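1. coordinates for the following, if possible.
(2 chains)
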Amino acid sequence: MIRFDVHVAAEGGLHARPAALLVNCAGQYQSRVTLVKDQKQADGKSILGIMTLGASQGDRLTIEIEGADEKQAAAALKELFDKRFES
Amino acid sequence: MLRGLFSRKKQQQEVTLLAPLTGEVVALSEVPDPVFAQKVVGDGTAISPTEGVLVSPLAGSVTHLFPTHHAIALTSESGLEILLHIGIDTVKLKGEGFTPHVKVGDQVKPGDKLISFDLGVLKKAGCPIVTPVVITNGDLVADKRVVSTGSVRAGQEPLMLVVVKGGAS
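-> Now for the predicted structure:
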């Protein structure tokens, strides 16, 4: 399992657009992706799950990835957060 | 043969989504935001509203209300997740012009008022007013079709029929 922290820099936090992009990215890998904020967990492949985490701009999240392609998934998700969800 | 058809469909459930807004039905592909137009958020349709009152398209519960009140997610009794996103880029309004009438956890009936909004505020801010109505858990959908075109009235006419896969629940 890979676990790392990310910083939510996207304006407005993880609202519909960033959540959709995150799910789209996570969905390209077989690994299980979990987002953790405080005590709350969300499935990284569920748009509604991510939105209900209520992550705001400036928040820190922990991402846990487990599976055969976890390294590739971690790299792709890190890049997404680094680029503030802008392609 | 009819009997066979019935038993096969018994597991599935058909859900009717009423129009959540009064306005014109617009294809999702015409929404000026690629994450909606390319169905990244989910499949569905959109309405360009002529009145600023969003009502519930179905019976269910409020699963998520954005802190900025520009979008709301509902979960139907059959588990279908619907996201109603008022306008495009409206997250940047930070709640200005939006008045919610429900909170997370509330049970809603078709036609119940969810959010009132000021179309003037959206237009002044340069936000497109077209409002996507999408299913965010499409893996639960066996079949669906948009049944309205042109003008619709909020809470009065069906907008979309969705067949939800059965079994899991």
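2. use CA for all of it now, contacts and neighbours both
-> Noted.
3. what about residue 47, neighbour count?
-> Picking chain A for this. 28 (other Cα atoms under 10 Å in any protein chain shown).
4. switch to chain B, that's the one I care about
-> Residue B:47 has 28 nearby residues by other Cα under 10 Å.
5. hmm, the helix with the most length in chain A touching chain B?
-> Using DSSP state H to define each element, chain A has its longest helix at helix A:70-82. No - applying Cα under 8 Å from any Cα of the partner chain, one finds helix A:70-82 separated from chain B by no less than 14.8 Å.
6. and that helix, how far out from the chain middle?
-> 9 Å (Cα atoms, centre = their mean, to the nearest Å).
7. next one: stretch B:80-99
-> Using Cα atoms, centre = their mean, the distance between the centre of stretch B:80-99 and that of its chain works out at 12 Å.
8. what residues of it count as buried?
-> Neighbour counts using 16 or more other Cα atoms under 10 Å in any protein chain shown place B:80-91, B:93, B:95-99 of stretch B:80-99 among the buried residues.
9. okay, it in PDB with CA atoms only?
-> Only the C-alpha atoms of stretch B:80-99 are listed here, as PDB (Å, rounded to 0.1, in the frame of the first residue of the first chain):
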ATOM      1  CA  LEU B  80     -29.400   6.200  -7.800                       C
ATOM      2  CA  GLU B  81     -27.100   9.300  -7.200                       C
ATOM      3  CA  ILE B  82     -28.200  12.500  -9.000                       C
ATOM      4  CA  LEU B  83     -26.100  15.600  -9.100                       C
ATOM      5  CA  LEU B  84     -27.900  18.900  -9.900                       C
ATOM      6  CA  HIS B  85     -25.300  21.600 -10.700                       C
ATOM      7  CA  ILE B  86     -26.800  25.000 -11.100                       C
ATOM      8  CA  GLY B  87     -25.000  26.800 -13.900                       C
ATOM      9  CA  ILE B  88     -21.300  26.500 -14.900                       C
ATOM     10  CA  ASP B  89     -18.400  27.900 -12.900                       C
ATOM     11  CA  THR B  90     -20.900  28.900 -10.200                       C
ATOM     12  CA  VAL B  91     -18.600  27.600  -7.400                       C
ATOM     13  CA  LYS B  92     -16.800  31.000  -7.800                       C
ATOM     14  CA  LEU B  93     -19.900  32.800  -6.600                       C
ATOM     15  CA  LYS B  94     -19.200  31.400  -3.200                       C
ATOM     16  CA  GLY B  95     -22.900  31.100  -2.300                       C
ATOM     17  CA  GLU B  96     -24.000  34.500  -3.500                       C
ATOM     18  CA  GLY B  97     -27.400  34.400  -5.100                       C
ATOM     19  CA  PHE B  98     -28.200  30.800  -3.800                       C
ATOM     20  CA  THR B  99     -30.700  30.000  -1.000                       C
END
